[in-house]
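**Q** have a look; sequence and predicted model below, questions after that.
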Amino acid sequence: MRDSKLKQGWEIKKLGEVCEKASSNISQNAIGSLSGIYPVFGAKGFIKNVDFYHQEKPYIGILKDGAGAGRVMLLEGFSSVIGTIQYLVPNENINIKYFYYFLLSMDFTKYINGSTIPHIYFKDYKEEPFLLSPIPEQEIIVSILDKAFSTIEHAKQNAGKNLKNAKELFDSYLNSIFTNKSTGTTYDRLDSLCELIVDCEHKTAPIQERGIPSIRTPNIGKGVLILDNVNRVSEQTYREWTRRAIPQGGDLILAREAPAGNIAIIPDNMNVCLGQRTVLIRTIKNRIIPKFLAYLILSNNVQRKLLSHSTGATVTHINMKDIRAFKIFDLNQLSEQQKIVQQLEALSAETKQLEAIYQQKLIELEDLKKSILQKAFNGELVA
């Protein structure tokens, strides 16, 4: 924020000088039985209506604790927030939306304390420099930001729709290929198409900072392993956990729970061991291509058929006997399997490229918002 270029009538204050803060003592559990006409808000937005309110005029709610510490919300009057949110009420000479946009421009991450439960304190961020302009010019800045943000939000919605469409394109084609693979008259049991189907160890592997990836159900995606934040184990644990079968490149790992039905292929030249609630599947290569089996299992109709045998009131769980006995109907010839895999791989690559483009678009739009806010509160939007 540049003092030397400020217009006449503009000045720089500290945030703590231009607003009042207040705390809430409302517990979400305590209002469970209440009803009324006055809304209470939490970290995820509206919670419920009650018969009282804390703030009569519009105000800012700022999340004090947790992963979203520093997130700001512009909230209506005659309402309240729960105790994890701080009230900030701007002074009379400040437009509420101008104040809101200023808070959006702040980098609250530099004020976060605590590693287990992040939190921020007003006593720290109240020193943030605040550009105070006359009310008419605040209103001009708000009008400019409203229009700019509306345009950006529209562009984000379009990019989001395109991203969703790109993801659905592949799923739609995948499902169309395997539409008739869940029923029929001619079938092969899965265990007749596989060299082995091996359950995991039913205990938690001891982990360490470095070592061999231990594949748990969160690491099993739609055809691929997700190795971000994967647990790792020692060589000794790896040997113990792979006594029944050593996973190889091209083997499949199926999730039996959470989320049941996901299946991924082990890349070549990668050592992994199975975490809990997983199953190792090695196909007979001259009967069924591993990637073909993975795509088939991921298709909607086959997924529904596989999960229809699941048990568990709260967590879907697939039994080993049902996996081994699972029926693959009208199995394609190897040449047809290979052709289908090539088509799906090509479409998958195109889809991922489209997804990357739209993801980058969303990032750029967020960066544009930050840039506009920075200009606004450097005094650069009003000539």
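**A** Nice, thanks for sending it over. Numbers count the residues shown, from 1 in each chain.

**Q** can you map out the helices along this structure?
**A** Assigned by DSSP state H, the helices in the chain fall at 96-105, 122-125, 135-177, 235-241, 290-298, 300-307, 320-324, 334-376.

**Q** which residues does the shortest one contact?
**A** Right, helix 122-125. Under the contact criterion CB atoms under 8 Å, 6 or more residues apart in numbering, helix 122-125 has outside partners 15-16, 21, 86, 106, 108, 111, 113. Glycine gets a C-beta too; all of them are placed from N, C-alpha and C.

**Q** buried subset of these as a PyMOL selection?
**A** Selection of buried members from the contacts of helix 122-125 for PyMOL, criterion 16 or more other CB atoms under 10 Å:
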select buried, resi 15+86+106+108+111
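
**Q** export the contacts of helix 122-125 to a markdown table and tack on distance to S133 and pLDDT?
**A** Formatted as a markdown table, the contacts of helix 122-125 follow (distance: CB to CB, whole Å; pLDDT from 0 to 100):
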| residue | distance to S133 | pLDDT |
| --- | --- | --- |
| L15 | 15 | 95 |
| G16 | 18 | 95 |
| K21 | 22 | 94 |
| Q86 | 25 | 95 |
| M106 | 17 | 93 |
| F108 | 23 | 92 |
| Y111 | 24 | 92 |
| N113 | 32 | 88 |
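
**Q** export the helices of the chain to JSON lines and tack on mean neighbour count?
**A** JSON lines is the format used below for the helices of the chain (neighbours: other CB atoms under 10 Å):
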{"stretch": "helix 96-105", "mean neighbour count": "21"}
{"stretch": "helix 122-125", "mean neighbour count": "15"}
{"stretch": "helix 135-177", "mean neighbour count": "15"}
{"stretch": "helix 235-241", "mean neighbour count": "15"}
{"stretch": "helix 290-298", "mean neighbour count": "22"}
{"stretch": "helix 300-307", "mean neighbour count": "17"}
{"stretch": "helix 320-324", "mean neighbour count": "14"}
{"stretch": "helix 334-376", "mean neighbour count": "14"}
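
**Q** closest to D188 out of those helices?
**A** With CB to CB, the closest approach to D188 among these belongs to helix 290-298: 11.0 Å.

**Q** could you give the angle of that closest one to helix 334-376?
**A** 70 degrees (axes from the mean of the first three to the mean of the last three CA atoms, to 10 degrees).

**Q** so what does helix 290-298 touch, helix or strand wise?
**A** Secondary-structure packing of helix 290-298 (3 or more CB pairs under 8 Å, 6 or more residues apart in numbering; DSSP states H and E): helix 135-177, strand 222-223, strand 252-255, strand 263-265, strand 278-283, helix 300-307, helix 334-376.

**Q** just how off-centre is it within its chain?
**A** Taking the mean of its C-alpha atoms, helix 290-298 sits 25 Å from the chain's own mean (CA atoms, centre = their mean, to the nearest Å).

**Q** CA atoms only for that helix - export them in PDB, please.
**A** The C-alpha trace of helix 290-298 is given here as PDB (Å, rounded to 0.1, in the frame of the first residue of the first chain):
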ATOM      1  CA  PRO A 290      -5.300 -56.500 -16.700                       C
ATOM      2  CA  LYS A 291      -6.300 -53.000 -17.900                       C
ATOM      3  CA  PHE A 292      -9.300 -54.500 -19.600                       C
ATOM      4  CA  LEU A 293     -10.400 -56.100 -16.400                       C
ATOM      5  CA  ALA A 294      -9.800 -52.800 -14.500                       C
ATOM      6  CA  TYR A 295     -11.900 -50.800 -16.900                       C
ATOM      7  CA  LEU A 296     -14.600 -53.400 -16.900                       C
ATOM      8  CA  ILE A 297     -14.800 -53.400 -13.100                       C
ATOM      9  CA  LEU A 298     -15.000 -49.600 -13.100                       C
END
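
**Q** now the helices of the chain as CSV including mean pLDDT?
**A** As requested, the helices of the chain are exported to CSV (pLDDT from 0 to 100):
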stretch, mean pLDDT
helix 96-105, 96
helix 122-125, 94
helix 135-177, 92
helix 235-241, 94
helix 290-298, 95
helix 300-307, 89
helix 320-324, 93
helix 334-376, 92
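
**Q** dump these to CSV, plus distance to V198.
**A** Below are the helices of the chain laid out as CSV (distance: least, CB to CB, whole Å):
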stretch, distance to V198
helix 96-105, 53
helix 122-125, 54
helix 135-177, 27
helix 235-241, 11
helix 290-298, 15
helix 300-307, 18
helix 320-324, 9
helix 334-376, 23
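
**Q** tell me how far I215 lies from Q360.
**A** According to CB to CB, to the nearest Å, I215 and Q360 sit 29 Å apart.

**Q** how about K13, what does it touch?
**A** Contacts for K13 (CB under 8 Å, 6+ apart) come out as 129-130, 132.

**Q** which of the residues you listed fall in strands?
**A** Using DSSP state E, 129-130, 132 are the members of the contacts of K13 that sit in strands.

**Q** nearest to G36 among the residues you listed?
**A** G36 lies nearest to F130 out of the ones in strands among the contacts of K13, by CB to CB, at 35.2 Å.
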